[in-house]
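>>> what's the 3D shape of this:
(one chain, ligands or ions: 1)
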Amino acid sequence: MSDSAQHNAQQKAIDQLRKHNITDVISLSQKLLSGDRSALSQAITLVESTSELHKNLASQILNNCLPHSGRSLRVGITGVPGVGKSTFIEALGQVLLSHGKKVAVLAIDPSSSISKGSILGDKTRMEWLSQQQNAFIRPSPSALTLGGVARKTRETIVLCEAAGFDVILIETVGVGQSETAVHDMTDFFLLLMLAGAGDQLQGIKRGIIEMCDGMLITKADGDNGKNAQRAGAEYLSALHLFPPTANGWIPKVQTCSAIEKTGVSEAWNMIQEHATWMIERNLFEAKRMQQDEEWLQAAIEENLTNSFFCNAENKVKIAQAQQLVHEKKLTPFAAAHWVLGQQ
Ligand code: GDP
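Numbers count the residues shown, from 1 in each chain. Have a look, this model is predicted:
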């Protein structure tokens, strides 16, 4: 979404708030908690807004929602553009809805903040899923840094869970910037890979492969079926060369065709198997607690940074420090110490 489209969408949602006479956060929170998707959209718009008033409203709604959050399975899905993420999510969504689940799909797309053009958000994606009553799809907020998108996505997860969505799929483009952020807010991290795309590990950084709990070779249909099986076996042996994951889970490699709808239920089984495995070892909640601690740390850092750089006195000092650095009177390191009032 472009900046102006984003602004218009925000304004529209706020006008709607007025139209529906939602003047207080209590009624909006109640509607959201009863599963009202329009209230959920409006609350997310408040979370994404940069206005102080909206941020304040959002924070109150989040406080109301927090006790009702945490009951979903959060799944990160990544892979290079064209690997088949949206087709797979649509097929997985179908499986989940047939099991009576409510599915929310959120996107983290750092390209939207850099180029202002979104890889994930602009094209019509997941057309069928987007029309289903028990599905909710929200593109990445644009015009934000990756840190900003990540924070707002975490808050959006809380809202979606409070609205009764029990599977949250968080999609990201596998280009190396946002995977860690998604990994750090999900219970299962799924990497989609193509068969026969030249060098097997090319295009996807080693670090991303190390983070995944499961790998899915996509487009395992037609002439590509055999290639996909072969690639799966190769990736499985390649994964054995990596150090074992911190919790001892051995990542699985499977194949699927989202178009022929094969391997999709099996992918969901793999995700559930992992959750059960984690719960049995008391690792599921432990991982979430650790993620919450990291979220707290990130929030403190963000707050400190913002209040430091917005302070008028600091702005003057930083300008003076820049001058001293330009004149080669201080190194940037020494200038930073001076700005911070350190010896
Ligand atoms: P994304 O950019 O990762 O979201 O990829 P898309 O889901 O948009 O898919 C990219 C292209 O691959 C589209 O032309 C899809 O029709 C095609 N595609 C996706 N899944 C499959 C599949 O399972 N089999 C085949 N043969 N093509 C697929």
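>>> give the next helix or strand downstream of the longest helix along the chain.
Determined from DSSP state H, the single longest helix within the chain is helix 284-310. Once the chain leaves helix 284-310, the next helix or strand it forms, by DSSP states H and E, is helix 312-326.
>>> the inter-axis angle of that following helix versus helix 284-310?
Interaxial angle, helix 312-326 versus helix 284-310 (axes from the mean of the first three to the mean of the last three CA atoms, to 10 degrees): 80 degrees.
>>> quick one: contacts of helix 312-326?
Contacts to helix 312-326, defined as CB atoms under 8 Å, 6 or more residues apart in numbering, come from residues 308-309, 330-332, 335-336, 338-339. To be clear about C-beta, it is placed using only N, CA and C from the backbone, and glycine gets the same treatment.
>>> partner strands of the helix or strand containing Ala107, parallel or antiparallel?
Following DSSP H and E, one finds Ala107 within strand 103-108. Using DSSP bridges, the strands paired with strand 103-108 are strand 135-138 (parallel), strand 167-173 (parallel).
>>> what parts of this protein come near the ligand?
Within the chain, the residues that sit near the ligand (CB under 6 Å from any ligand atom) are 79, 81-87, 218-219, 221, 257-259.
>>> can you map out the strands along this structure?
Secondary structure of the chain (DSSP state E): strands at 73-79, 103-108, 135-138, 167-173, 188-193, 214-217, 252-255.
>>> rebuild the ones you listed as CSV, extending it with mean neighbour count and mean pLDDT.
Listed next are the strands of the chain as CSV, based on neighbours: other CB atoms under 10 Å; pLDDT from 0 to 100:
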stretch, mean neighbour count, mean pLDDT
strand 73-79, 25, 95
strand 103-108, 27, 92
strand 135-138, 22, 93
strand 167-173, 26, 91
strand 188-193, 25, 94
strand 214-217, 26, 94
strand 252-255, 22, 94
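>>> picking that back up, between the strand holding Ala107 and strand 73-79, how big is the angle?
For strand 103-108 against strand 73-79, the angle by the same axes, to 10 degrees is 50 degrees.
>>> with only the CA atoms kept, save strand 103-108 in CSV.
Taking C-alpha atoms only, strand 103-108 is exported to CSV below (Å, rounded to 0.1, in the frame of the first residue of the first chain):
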residue,chain,number,x,y,z
VAL,A,103,-7.3,-18.3,10.6
ALA,A,104,-5.6,-14.9,10.6
VAL,A,105,-2.9,-14.2,8.0
LEU,A,106,-0.5,-11.3,8.7
ALA,A,107,2.3,-10.1,6.5
ILE,A,108,5.7,-8.7,7.3
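>>> picking that back up, a markdown table for the strands of the chain, including distance to Gly207?
Output for the strands of the chain, formatted as a markdown table (distance: least, CB to CB, whole Å):
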| stretch | distance to Gly207 |
| --- | --- |
| strand 73-79 | 12 |
| strand 103-108 | 17 |
| strand 135-138 | 27 |
| strand 167-173 | 14 |
| strand 188-193 | 11 |
| strand 214-217 | 14 |
| strand 252-255 | 18 |
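>>> and stretch 303-317, how far from the chain's centre?
With CA atoms, centre = their mean, to the nearest Å as the basis, stretch 303-317 stands 29 Å off its chain's centre.
>>> repeat for stretch 247-266
Counting by CA atoms, centre = their mean, stretch 247-266 is centred 20 Å from the centre of its parent chain.
>>> what sits up against it?
84, 87-88, 90-92, 94-95, 212-221, 225, 228-229, 232-233, 235-236, 239, 244-245, 267, 270, 274, 277-278, 281, 283, 287.
>>> before we move on, the earlier item: what sits up against the strand holding Ala107?
Counting by CB under 8 Å, 6+ apart, strand 103-108 makes contact with 72, 89, 93, 96-97, 120-121, 126, 129, 134-140, 146, 149-150, 153, 156-157, 160, 165, 167-172, 178, 181-182, all of which sit outside it.
>>> repeat that with 7 Å
Residues outside strand 103-108 that contact it (CB atoms under 7 Å, 6 or more residues apart in numbering): 89, 93, 96-97, 120-121, 126, 134-140, 149-150, 153, 156, 160, 165, 167-172, 178, 181-182.
>>> check which residues of stretch 332-340 are buried.
For stretch 332-340, burial by neighbour count (16 or more other CB atoms under 10 Å) applies to 335, 339.
>>> and what of stretch 276-289?
Neighbour-count burial for stretch 276-289, counted by 16+ other CB under 10 Å, picks out 277-278, 283-284, 288.
>>> and for stretch 260-272?
263-265, 267-268, 270-271.
>>> starting at the chain centroid, how far to it?
Worked out by CA atoms, centre = their mean, stretch 260-272 lies 21 Å from the chain centre.
>>> kindly export that stretch (C-alpha atoms) in PDB.
What follows is stretch 260-272, C-alpha atoms only, in PDB (Å, rounded to 0.1, in the frame of the first residue of the first chain):
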ATOM      1  CA  GLU A 260      -3.100 -30.200  -6.500                       C
ATOM      2  CA  LYS A 261      -3.700 -29.900  -2.700                       C
ATOM      3  CA  THR A 262      -1.300 -32.700  -1.900                       C
ATOM      4  CA  GLY A 263       1.000 -32.500   1.100                       C
ATOM      5  CA  VAL A 264      -0.900 -29.600   2.600                       C
ATOM      6  CA  SER A 265      -2.700 -31.500   5.400                       C
ATOM      7  CA  GLU A 266       0.600 -33.300   6.000                       C
ATOM      8  CA  ALA A 267       2.300 -29.900   6.500                       C
ATOM      9  CA  TRP A 268      -0.300 -29.000   9.100                       C
ATOM     10  CA  ASN A 269       0.300 -32.300  10.800                       C
ATOM     11  CA  MET A 270       4.000 -31.500  11.000                       C
ATOM     12  CA  ILE A 271       3.200 -28.200  12.600                       C
ATOM     13  CA  GLN A 272       0.900 -29.800  15.200                       C
END
